[in-house]
Structure formats: C-alpha cells, structure tokens
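In: this one's sequence-less:
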C-alpha cells in the first residue's frame, strides 16, 4: 500500500512538472516563415503582413494595416463594464486581458505597432509553409481584418487572435496553438494512471473537507470520466 501511495505521489509530481514546463499555447512549429524585427523597422512591414509577438504562455498575432497600425483580437474586460471609448482605447493591461479571457469578451481593435508589441520583439510570420495553405493577397488580408473590427466573443480554444489572423489570411479560422494544447491534454487523459491519481485526490478532499456533494460527486465523476475516455 505504501508503494502504491508513493507511486501516486510520484505521478502527481510528474504531471505538475509536465504542465508547468509546458508552454500551453506555444507556436514554435518547424518550417514557419519568420522574420524578426523591432518597432524601429516598421517600414519593412507590408500592409496585410501577419505580425506576431511572444507572450508569457502564448504567441499573440495581428494584421499590419499600414501607417503604424495593427489590427488584432484582444480580450478586454472593460468592453463589458463601460461604453467609454476613451477608456476602451487605452492599451490593454495584463489585468484587463486576463479578466477579459475569463469573461469571454474581446474586440478586434487597432493599435500602434509599439502598443501591439508591448515591449517584445516582432516577427513577420505568414504561417504559409507550416499550414500548407494558399494565402490570399496582402491587400485582401488587410481588408478582411478591417471588416472585422469591433466587439466579439472570446475563447482560448475557438476564437482567439490566431483564429482571427488565419481567417483573414486563408479564409479559414484555425489555431495551431489551440490544437497543440488539446493534444497535450489528450496525452495526460490517455495515461490511465491519471484515474488513480484523481481518485486519490478525490478521497483526500473528502477526508479533509468532509462527506458532501461538492466533494463526493467530483471524487466519483472525474475518475469515472477519465476511465471511460482513457
């Protein structure tokens, strides 16, 4: 029994280390056509170019419209709290962004290249080689982006900034970052030892918090679901 407990603890640590070291929405796909640039090299950007900047756990995308302007889909909680355009148009802070993700509210907005970069290096990334899709001409890409300006719903998996730029460039909304995240989740779920680990955590919650519906139901339901899909 002692060895079983140690095995479960070891598994949990393994999963936590795996998740913590994983860039959940990292693009980093081989073969992507990327050109690194800085905000001082705006003249090298062409209208309709796909621009990307690295964030902590994701890559953010936008469409260059020319004249130092970038259209990008950005979560923003202020969209649900105020109609003041002056406040809304200010650069979206990390706190506003995170709350916007939770509230699933966003907009396709236009910012300067500097505000879009938010201090990071900029890459010109057309995704063509990696996605193996025929791209529209740059002018059509820019026009599509301009037509989509305004408030929209947000979803990390179904409607994020990468869905926006791939729709503008290829006419199809796809997100390699979201697909990679889903594949990593499948890897965890398919490991049937996760069932045992979830069951132990469920029993521990019952012992610590007492026998109640909010502890007992997850302790049974989650391991059962993992067992069925594993």
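Out: That came in fine, so what should we check first? All figures in this text were calculated on a predicted structure; none of them were measured in a lab. Numbers count the residues shown, from 1 in each chain.
In: alpha carbons only for contacts and neighbour counts from here, please
Out: Fine.
In: what sits against residue 88?
Out: 78, 79, 82 (Cα atoms under 8 Å, 6 or more residues apart in numbering).
In: Oh, that last question was meant for residue 82, not what I typed.
Out: Contacts of residue 82 by Cα under 8 Å, 6+ apart are residue 88.
In: can you list the weak-confidence ranges in the chain?
Out: When residues are selected by pLDDT under 70, those of the chain lie in 1-41, 57, 178-179, 181-182, 184-203, 205-207, 209-230.
In: if we go to 80?
Out: 1-43, 55-58, 126-132, 175-230 (pLDDT under 80).
In: And the helices in it, which stretches?
Out: 2-21, 78-81, 85-89, 94-103, 113-117, 128-131, 138-147, 161-170, 176-190, 193-209, 213-229 (DSSP state H).
In: Make TSV out of the contacts of residue 88 and add distance to residue 159.
Out: As requested, these are exported to TSV (distance: Cα to Cα, whole Å):
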residue	distance to residue 159
78	19
79	17
82	22
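In: Looking at those, which one is closest to residue 72?
Out: Nearest to residue 72 among the contacts of residue 88 is residue 79, at 15.2 Å by Cα to Cα.
In: measure that closest one to residue 160 for me?
Out: The gap separating residue 79 from residue 160 is 16 Å, by Cα to Cα, to the nearest Å.
In: Of the two, give the one with the bigger neighbour count.
Out: Neighbours per residue (other Cα atoms under 10 Å) separate residue 79 from residue 160, with residue 160 holding more: 25 against 20.
In: Name all residues that make contact with the more buried one.
Out: 73, 154, 175.
In: Using the record's assignment, carve the protein into domains.
Out: 2-22+183-229, 34-174 (automatic domain parsing).
In: count of residues packed around residue 132?
Out: Residue 132, neighbours per other Cα under 10 Å, totals 8.
In: same question, the one 3 residues further on
Out: Residues lying near residue 135 (other Cα under 10 Å) number 17.
In: could you measure it against residue 146, distance?
Out: Residue 135 is 17 Å from residue 146, by Cα to Cα.
In: Endpoints of stretch 60-79, how far apart?
Out: 20 Å.
In: Revised request: answer the last question for stretch 102-122.
Out: 26 Å.
In: again with stretch 71-89
Out: Stretch 71-89: ends 13 Å apart by Cα to Cα.
In: go on, stretch 125-142?
Out: Stretch 125-142 has its terminal residues 15 Å apart, counting by Cα to Cα.
In: Next: stretch 137-155.
Out: Separation of the first and last residues of stretch 137-155 by Cα to Cα is 27 Å.
In: Tell me the buried residues in that stretch?
Out: By 16 or more other Cα atoms under 10 Å, the buried positions in stretch 137-155 come out as 138, 141, 142, 144, 145, 146, 148, 151, 152, 153, 154, 155.
In: Please report how far the residue nearest to residue 151 when sequence neighbours are not counted lies from residue 129.
Out: Counting by Cα to Cα, 6 or more residues apart in numbering, the nearest residue to residue 151 once its immediate chain neighbours are dropped is residue 107, at 4.0 Å. Distance, residue 107 to residue 129, by Cα to Cα: 28 Å.
In: what does residue 44 give?
Out: Computed as Cα to Cα, the residue 44 to residue 129 distance reads 21 Å.
In: who has more neighbours, these two?
Out: residue 129 (13 against 10).
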